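> I would like the atomic coordinates for the input below:
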Amino acid sequence: MPSKTALIVGSTGIVGQNLAALLSAQPGWSVYGLARKPLATPGVHPIAADLLSPDSLAAALKEIRPTHVYLATWLRQPTEAENIRVNSAMVRNLLAAVAPARTVEHVALVTGLKHYLGPFEAYGKGKLPATPFREEQGRLDVENFYYAQEDEVFAAAARDHFGWSVHRPHTIVGYALGNQMNMGVTLAVYASICKETGRPFVFPGSAAQWNSLTDMTDARQLAKQLLWASTTPAARDQAFNIVNGDVFRWSWMWQRLAAWFEVEPAPFPAEITPLEVQLAGAAPIWKEIAAKYDLVESSLNALISAWHTDADLGRPIEVVTDMSKSRKLGFLEYQATDDSFFDLFARLREDRLIL
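As a prediction, this is how the structure comes out:
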């Protein structure tokens, strides 16, 4: 019989899908995936619920006895004040819904490097901590829904006596479609359009990102840290950065991506040319490409998140992350970032989603 029961909140997202794949392969684990519209996934019991409706959650979870809860979802709002109100409520409602079972041993919350950088509307502004970012660096003096989500977890942990961990990935690379924060799929679709149309493959970000050192997080790497932290006593009640373990410059990585798609990388442009501008009006082009090559998704907007890729690659500062804390405690996994992209691209091509 399973000795551990995982509840993955946000099971259809880039984090949730990869975590579900890892946990469902572990002996002794029973895995439940909660989403508004859960997917039928082998080894995962789907749960449909609305995180903003306590009644919906209570009904959906009344028979579930989770030992490990993984929070990997958010809803983007027009202002940070609304982000705080909505996203903290989702965490609060979920933890209240699982409290009556009294079975929860650990809650893991996935946030990100906006803990150090600030929210999108204040991105990279004001006084920022020095790089590489380290977990002991304090909160910024700005509104941030990540902080509000953390506070909900801390309050519930004090009330219900479970352990917690917070995980702060950099930009996540992994397989998931229709995700709000999916640079890998966005760049793959962009490269496919460039390949078919002969458009130049132009880096859409800032000179700082082109020239500075940076890092990224493979969704599989994040899943491994979530499993490790939630089952390792030394990791209890800790916050952890999580990246692949290598560093690179986009001036190098852009050439690697271009070579995979067999397109010519354009020189760094004189002005920032964001993807939202480059891909404006590209929906009909993608529809034609999909029809020509029998791709399974003809809607450009169903695949890409240009706004998020632009936000990440347009940052005017160096962004690089320290992983010493979890390494000292025994988490030693490593993933080469160019291979993260290539693994994703190969799967997207195999599934007939890109050229």
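> could you pull out the strands for the stretch 1-150 of the chain?
Under the criterion DSSP state E, counting those that start in this stretch, the stretch 1-150 of the chain carries strands at the ranges 4-9, 29-35, 44-48, 68-71, 106-110.
> okay if I get the ones you listed as TSV plus distance to F120, mean neighbour count and mean pLDDT?
For glycine as for every other residue, the C-beta is placed from the backbone atoms N, C-alpha and C. Output for the strands of the stretch 1-150 of the chain, formatted as TSV (distance: least, Cβ to Cβ, whole Å; neighbours: other Cβ atoms under 10 Å; pLDDT from 0 to 100):
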stretch	distance to F120	mean neighbour count	mean pLDDT
strand 4-9	22	26	98
strand 29-35	23	23	97
strand 44-48	29	17	96
strand 68-71	20	28	98
strand 106-110	17	25	98
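> same list (those strands) but as a markdown table, adding distance to E152.
Output for the strands of the stretch 1-150 of the chain, formatted as a markdown table (distance: least, Cβ to Cβ, whole Å):
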| stretch | distance to E152 |
| --- | --- |
| strand 4-9 | 12 |
| strand 29-35 | 16 |
| strand 44-48 | 20 |
| strand 68-71 | 9 |
| strand 106-110 | 9 |
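> to Q255, which of those strands lies closest?
With Cβ to Cβ as the criterion, Q255 lies closest to strand 106-110 of the strands of the stretch 1-150 of the chain, at 30.9 Å.
> kindly format the C-alpha coordinates of the closest one as PDB.
What follows is strand 106-110 as a C-alpha-only set of coordinates in PDB (Å, rounded to 0.1, in the frame of the first residue of the first chain):
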ATOM      1  CA  HIS A 106       5.100  18.700   4.300                       C
ATOM      2  CA  VAL A 107       4.000  21.600   2.100                       C
ATOM      3  CA  ALA A 108       6.300  22.700  -0.700                       C
ATOM      4  CA  LEU A 109       5.700  26.100  -2.400                       C
ATOM      5  CA  VAL A 110       7.200  27.000  -5.800                       C
END
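> pLDDT weak spots in the stretch 201-350 of the chain?
For the stretch 201-350 of the chain, applying pLDDT under 70 flags no range at all.
> what about the strands in it?
217-218, 238-242.
> return the most buried member of the ones you listed.
strand 217-218 (a mean of 28; mean count of other Cβ atoms under 10 Å).
> other SSEs contacting that one?
Under the contact criterion of 3 or more Cβ pairs under 8 Å, 6 or more residues apart in numbering; DSSP states H and E, strand 217-218 touches strand 172-173.
> please tell me how far the strand it packs on is from the chain's geometric centre.
Its chain's C-alpha centre and that of strand 172-173 lie 6 Å apart, by Cα atoms, centre = their mean, to the nearest Å.
> average pLDDT for it?
Rounded to a whole number, the mean pLDDT of strand 172-173 is 95.
> need the contact partners of that strand.
Contacting residues not belonging to strand 172-173 are listed as 14-15, 181-184, 216-219, 222, 337, 340-341, 344 [Cβ atoms under 8 Å, 6 or more residues apart in numbering].
> how about stretch 111-129?
With Cβ under 8 Å, 6+ apart, stretch 111-129 has contacts from 79-80, 83, 133, 137-147, 149-150, 166-170, 241, 311, 315-317, 319, 321.
> closest to F331 among the contacts of strand 172-173?
Distance to F331 across the contacts of strand 172-173 (Cβ to Cβ) is lowest for L222, with 11.2 Å.
> the closest one contacts V15, doesn't it?
Yes. Counting by Cβ atoms under 8 Å, L222 touches V15, with 6.2 Å between them.
> any shared contact partners between those two?
Both L222 and V15 are contacted by 110, 172, under the criterion Cβ under 8 Å, 6+ apart.
> reformat the strands of the stretch 201-350 of the chain as TSV; add distance to T73.
TSV is the format used below for those (distance: least, Cβ to Cβ, whole Å):
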stretch	distance to T73
strand 217-218	17
strand 238-242	17
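> among the ones you listed, which is nearest H68?
Nearest to H68, of all the strands of the stretch 201-350 of the chain, is strand 238-242, at 15.4 Å by Cβ to Cβ.
> who does that closest one pair with, and is each partner parallel or antiparallel?
Paired neighbours of strand 238-242 in the sheet (DSSP bridges): strand 163-169 (parallel).
> what's the spacing between S299 and K287?
Per Cβ to Cβ, to the nearest Å, S299 is found 8 Å from K287.
> before we move on, back to that, of the strands of the stretch 201-350 of the chain, which is nearest L95?
When those are compared by Cβ to Cβ, strand 238-242 sits nearest L95, at 17.5 Å.
> gap between the closest one and the chain center?
For strand 238-242 - counting by Cα atoms, centre = their mean - the centre lies 14 Å from the chain centre.
> now the angle from it to strand 106-110?
Relative orientation of strand 238-242 versus strand 106-110 (axes from the mean of the first three to the mean of the last three Cα atoms, to 10 degrees): 40 degrees.
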